[in-house]
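**Student:** Can you look at this prediction? I've put the sequence above it.
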Amino acid sequence: MTHSTPPHVAILDDEPEIRRMLADALEEAGFRTTCYGRATEFEAGLKRTAPDVCLVDLGLPDRDGLAVVHRLALESGAAIIIISGRAQVQDRVTGLELGADDYIIKPFDPAEVVARIRARLRKGRVETGASSQVAHFAGWRAHFDRYVLVDETGTETPFSHAEGEVLRLFLDSPNRLITRAQMQEALGGAAGESFDRAMDVRISRLRTKLGEDPKNPRLIKTIYGAGYIFLGEVRWA
C-alpha cells in the first residue's frame, strides 16, 4: 500500500544560503525538497522525479532563468514560482506570461514562500466536491489526498499536483464542456499560448496515465475550437 507523501518542492537557485534557507523552512512546514544550483542539474533531476512545485531563480549561471520557466511550463506538470531579485514590473509580467504561476521578489521572508506554495497547492479546487478526496469513474479511483490513480487491479499510478488540478476540474464537471477560458479562470496563470501548451501537456499526460488512445480518447474528449468534455459518471467518496 502506498502511503501519503508530502508535496515535493524543487528549488533552483545558485546561492547556497538561499537554497538552505528555503529547504529548512519548507521541510519544517512538512514539504519534501530537492535543491539544485544549476539549470543543467535541475533539468536532469526532473527526468528522475516529478515535483509538485518548482521554485526558480532567474539569475542562473548556466541558463536564462526565463527560458527554464518557459520550458517547465510547456513540459512539466508542476506549479512554477519564480524567486528573483529582478523587481521590475516587466520582468514579473514576462515571467507570468511565460507560464509561471507566481513571482516572489528577493529579499523575502521564507514564511511568505511557504504560504504562497500552500496557496498555490490549494488553488484550482472548485467548491463542488472539494471536501471529498476520492473520485470513482470508469473503473478508476483518483485519490487526491495521495495523488495516485488506482485501476481495477489495484495498480497505482502517481500524478502531479498540477495534473491533479486539471483532473479534478474535469471530475467536478463531468459531461459538460469546459472551455479554455474556464480552465484559465479556475486554475490561474496567464492566458495565452504558454497556458494552452501547459494544459495540452497536462491533459496528454493524464490521458496516458488513464490508458487512453491518444487518437480516440474515450474519457477526455477534445472539442476543437471550444475546449474539453470529460465523458463518464463520477462518484465522490
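**Tutor:** Received, thanks.

**Student:** what sits against residue 229?
**Tutor:** Residues near residue 229 by CB atoms under 8 Å, 6 or more residues apart in numbering: 175-178, 220-221, 223. C-beta here means a position set from N, CA and C on the backbone, and glycine is covered the same way.

**Student:** switch to 7 Å and redo it
**Tutor:** Contact partners of residue 229, counting by CB atoms under 7 Å, 6 or more residues apart in numbering, are 175-177, 221, 223.

**Student:** Which strand or helix spans it?
**Tutor:** Under the criterion of DSSP states H and E, residue 229 resides in strand 227-230.

**Student:** buried sites along that strand?
**Tutor:** Buried positions in strand 227-230, judged by neighbour count with 16 or more other CB atoms under 10 Å: 227-230.

**Student:** re the thing from before, out of the contacts of residue 229, which sit inside strands?
**Tutor:** Using DSSP state E, 177, 221, 223 are the members of the contacts of residue 229 that sit in strands.

**Student:** what's the following helix or strand after the helix or strand of the chain with the lowest mean pLDDT?
**Tutor:** Here the helix or strand of the chain ranked lowest by mean pLDDT, DSSP states H and E is helix 89-97, holding a mean of 81. Next in sequence after helix 89-97, counting helices and strands by DSSP H and E, comes strand 102-105.

**Student:** Relative to the whole chain's centre, how far out is stretch 101-115?
**Tutor:** 18 Å (CA atoms, centre = their mean, to the nearest Å).

**Student:** Under the pLDDT cut-off, which ranges of this structure? List them.
**Tutor:** 1-4, 123-131, 189-192, 194 (pLDDT under 70).

**Student:** send the alpha carbons of the longest helix along it over as PDB?
**Tutor:** The longest helix of the chain (DSSP state H) is helix 193-209. Provided in PDB are the C-alpha atoms of helix 193-209 (Å, rounded to 0.1, in the frame of the first residue of the first chain):
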ATOM      1  CA  GLU A 193       0.000  30.200 -25.800                       C
ATOM      2  CA  SER A 194       2.000  29.200 -22.700                       C
ATOM      3  CA  PHE A 195      -1.100  28.400 -20.700                       C
ATOM      4  CA  ASP A 196      -2.700  26.500 -23.600                       C
ATOM      5  CA  ARG A 197       0.500  24.500 -24.100                       C
ATOM      6  CA  ALA A 198       0.800  23.700 -20.400                       C
ATOM      7  CA  MET A 199      -2.800  22.500 -20.400                       C
ATOM      8  CA  ASP A 200      -2.100  20.300 -23.500                       C
ATOM      9  CA  VAL A 201       0.900  18.700 -21.700                       C
ATOM     10  CA  ARG A 202      -1.100  18.000 -18.600                       C
ATOM     11  CA  ILE A 203      -4.100  16.600 -20.400                       C
ATOM     12  CA  SER A 204      -1.800  14.400 -22.600                       C
ATOM     13  CA  ARG A 205      -0.100  13.000 -19.500                       C
ATOM     14  CA  LEU A 206      -3.500  12.300 -17.800                       C
ATOM     15  CA  ARG A 207      -4.700  10.500 -20.900                       C
ATOM     16  CA  THR A 208      -1.500   8.400 -20.900                       C
ATOM     17  CA  LYS A 209      -2.000   7.500 -17.200                       C
END
